[in-house]
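Student: Let me see the structure of the following:
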Amino acid sequence: MKKSNFKESLGAIAVFISRLGFLPANFSPLGSFGFFSNNIYIYFASIFFFDLLVGGFYKGNIFTYAGFLAYYLLGKLAKNNPTKQALFLPLASLSFFILSNLGSWYFWYPHTYAGLAACYIAALPFYRNTLLSDITFGYSYIWYKQFKKSKQENRLKNWSIADHQQIQLGKSA
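Tutor: Numbering: from 1, shown residues only. Alright, predicted model coming up:
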């Protein structure tokens, strides 16, 4: 297994554990994990196995899974650009909210404007937690990556020519 897939698999396990009820409802790193994921299969395996073992399946799962896919796709659009990531991550939360609750409305609410409004209004507390968790976990990850990048850049700036010459001569710096 490649090192990046191993790290991502460990991340999937951590996300799975975080969803076992230790955190408030809809407050987990799952969305951020999908947004920053490099492997869609590991991301969806973590979702599927949680649903299989703990969460269960229901009629609207396809809409919920479409919402999870939005995280992955918007993360790919943002690439490694921290500004785009900071803008697209809340958009991913909103996309998940819209898509997953569209399924709830379709299967459990009257197919009227009043039913649609009732569905989305009832889901607002869950959206709040989803958005807050994405901002908490996602922005922390963006900050961490930027911090790590700046430390590496500082290390390179402080690397002197004398250090370079000593390394080329086989001496330690």
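
Student: Just give the nearest non-adjacent residue to Arg19, would you?
Tutor: Distances taken as Cβ to Cβ, 6 or more residues apart in numbering place Ser28 nearest to Arg19, at 5.0 Å, with adjacent residues excluded. Bear in mind the C-beta positions are built from the backbone N, C-alpha and C, glycine included.

Student: May I see the buried residues of the longest helix along the chain?
Tutor: When the chain is parsed with DSSP state H, its longest helix is helix 82-108. If you call a residue buried by 16 or more other Cβ atoms under 10 Å, then helix 82-108 has these buried ones: 85, 88-89, 92-106.

Student: Contacts for the helix or strand in which Leu73 is found, please.
Tutor: If you go by DSSP states H and E, Leu73 is part of helix 61-78. Residues outside helix 61-78 that contact it (Cβ atoms under 8 Å, 6 or more residues apart in numbering) are 30-32, 34-37, 40, 43-44, 47, 51, 84-85, 87-89, 91-92, 95-104, 106.

Student: and it, which residues are buried?
Tutor: For helix 61-78, the neighbour count (16+ other Cβ under 10 Å) marks 61, 63-75, 78 as buried.

Student: list the contacts for Phe33?
Tutor: Residues in contact with Phe33 (Cβ under 8 Å, 6+ apart) are 11-12, 15, 43, 46, 137.

Student: Let me know the average pLDDT across the helix or strand harbouring it.
Tutor: Using DSSP H and E, Phe33 sits within helix 30-36. Mean pLDDT, taken over the full extent of helix 30-36, equals 97.
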